[in-house]
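> could you look at this predicted model? Sequence included:
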Amino acid sequence: MSTIIMAACWPLQGMSPSQKAVLISLADQANDDGVCWPAVGTIAARTCLSERAVRDALAWLQAAGAVFREYRHNTSTSYTIGPKRFDPSKAPAESKRTTKRKTNVGANAAPPAAAAPGADAAPPANAAVPPANAAPAPADAAGLEGQMPPPNHQLNRHLTANEPCPPALQSGRGGAGQSENTEETALQAACRETWAAYSFAFEQRYGVKPVRNAPVNANVKALVKRLGHEEAPLVAAWYVANVNEAFVVKNSHGMGVLVNQAEGYRTQWARGQAVTATAAQAADKSSANFDAIEEAKRLAKQRREGGNA
C-alpha cells in the first residue's frame, strides 16, 4: 500500500460512494507510482459491490482522469492512479435510466408507519359487531389487532385492476423482461468501457478528444457486438496506439475504419503485431512469386510429358 497515493485520494470529492470505494481499493493496493493490477472480482470482494458496479465505477474514474487502465493481452489489466488529473466535470453525467429507476423506487416506497390507523381508532359504521357471548380476545392481542395484518393478507383478497401484484406473483411474469434489461445493461456497460479506452488512447495520440455523436455511438455498439464485451475495449485502445497504416492515419483512426475491419484488427491485436503497408506488399509479392514458380513447374512438366509421348 502507498500512503502517498492513499492520502491524495481521500480528499477527492464529486463522486459517488461506490466510485470512491473502488478508487480507495485501488489506492490501497498501489505502489508509490500509483500502479496496481487487481482483478475486477478482487475489487468487487473488497468493496462489497457487484462486478458490474465495479466496471461502471472504473469507467467513470477513467473518464474523470483519476484512473488510467492499460489493457494487456492474456494478463491482468494494469491501473495507474492519478489524483492530480482528477476532474469530475470530464466524466459523463448519471444516465437517465438510473435517475428514472431511483425516482420509481421513491414513488413506490411503502407509506410511513404513522399513516396506519391506531389501535384505538373508531371502527367504521358498517363494521360487524361481535356476538354478546363471544370469548374475549387475549390481552396482548388487543393492541396488535389494528396494526398487524393476517399472515397471508395479500393472497387472501382479490386484486383490483389498478393495484400492483405482490412480488411473489410478479416473479413469473417479469422474467423475460428482466433478462432483456440485464442484457441491455451489460451491452451499455461494455460500450462505455470501449469508448473510454478508445477516447483515452485517442487523446494520448492526438492531444484532443475524439468527436462523439450518434453515428460514432452506433459504431461503438457495432464493434462490441462483433468482437464481444471483453475484447472490444482492448482492440479499440490497441488500434489507436499501434496501427499506422496511411489510410488509417489519414482518417485520424476513425471508429468507422475500425468497425469496417474489426475482425482483421482483432487478429493483429491477438498476435501482438500490426501489419504495415510494407509487410502487406512483401507478403503479396511473395505470394505472386510462389504462384509464378508453380506455373513454371506445371509448364515444364507438360513439356516433359509431351516429349516422352
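Now that the structure is in, tell me what you want to look at.
> what residues of stretch 241-256 count as buried?
Val243, Glu245, Val248, His253, Gly254, Met255 (16 or more other Cβ atoms under 10 Å). Where you see a C-beta, it was placed from the backbone N, CA and C, and this is true even at glycine.
> quick check, nearest of the residues you listed to Thr185?
Using Cβ to Cβ, Met255 comes nearest to Thr185 of the buried residues of stretch 241-256, at 22.2 Å.
> from Ala186, how far out is that closest one?
21 Å (Cβ to Cβ, to the nearest Å).
> which residues of the protein fall in helices?
3-9, 17-29, 40-47, 51-63, 96-107, 139-142, 167-170, 175-206, 214-227, 231-242, 246-250, 255-260, 262-271, 277-308 (DSSP state H).
> lowest average pLDDT across those?
Here the lowest mean pLDDT among the helices of the chain goes to helix 167-170, at a mean of 41.
> how about Arg192, nearest residue that isn't a chain neighbour?
Nearest residue to Arg192, sequence neighbours excluded (Cβ to Cβ, 6 or more residues apart in numbering): Ala59, at 4.7 Å.
> ok, how many other residues are close to that neighbour?
25 (other Cβ atoms under 10 Å).
> and it, what does it touch?
Residues near Ala59 by Cβ atoms under 8 Å, 6 or more residues apart in numbering: Ala189, Arg192, Glu193, Ala196.
> okay, now the second one: neighbour count?
If you count neighbours by other Cβ under 10 Å, Arg192 ends up with 22.
> tell me the bridge partners for the nearest residue to Arg72 once chain neighbours are set aside.
Spatial nearest neighbour of Arg72, chain neighbours left out: Ser78 (6.4 Å); criterion: Cβ to Cβ, 6+ apart. For Ser78, the beta-bridge partners are Glu70 (DSSP bridges).
> and Ser78, what does it touch?
With Cβ under 8 Å, 6+ apart, Ser78 has these contacts: Val35, Cys36, Trp37, Arg69, Glu70, Arg72.
> so how far is Trp10 from the first one?
Taken as Cβ to Cβ, the spacing of Val35 relative to Trp10 amounts to 19 Å.
> got it, and the last one?
In this view, Arg72 and Trp10 are 29 Å apart by Cβ to Cβ.
> got it, and the fifth one?
Distance, Glu70 to Trp10, using Cβ to Cβ: 24 Å.
> surely Ala232 meets Arg192?
No. Assessed by Cβ atoms under 8 Å, Ala232 is found out of contact with Arg192, at 11.0 Å.
> His229 reaches Cys191, doesn't it?
No. Look at His229 against Cys191 with Cβ under 8 Å: they stay out of range, at 9.1 Å.
> what about these two, which has more around it?
Taking neighbours as other Cβ under 10 Å, His229 and Cys191 compare with Cys191 leading, 21 against 16.
> touching, that one and Asn219? I think so.
No. With contacts defined as Cβ under 8 Å, Cys191 does not count as touching Asn219, sitting 10.3 Å away.
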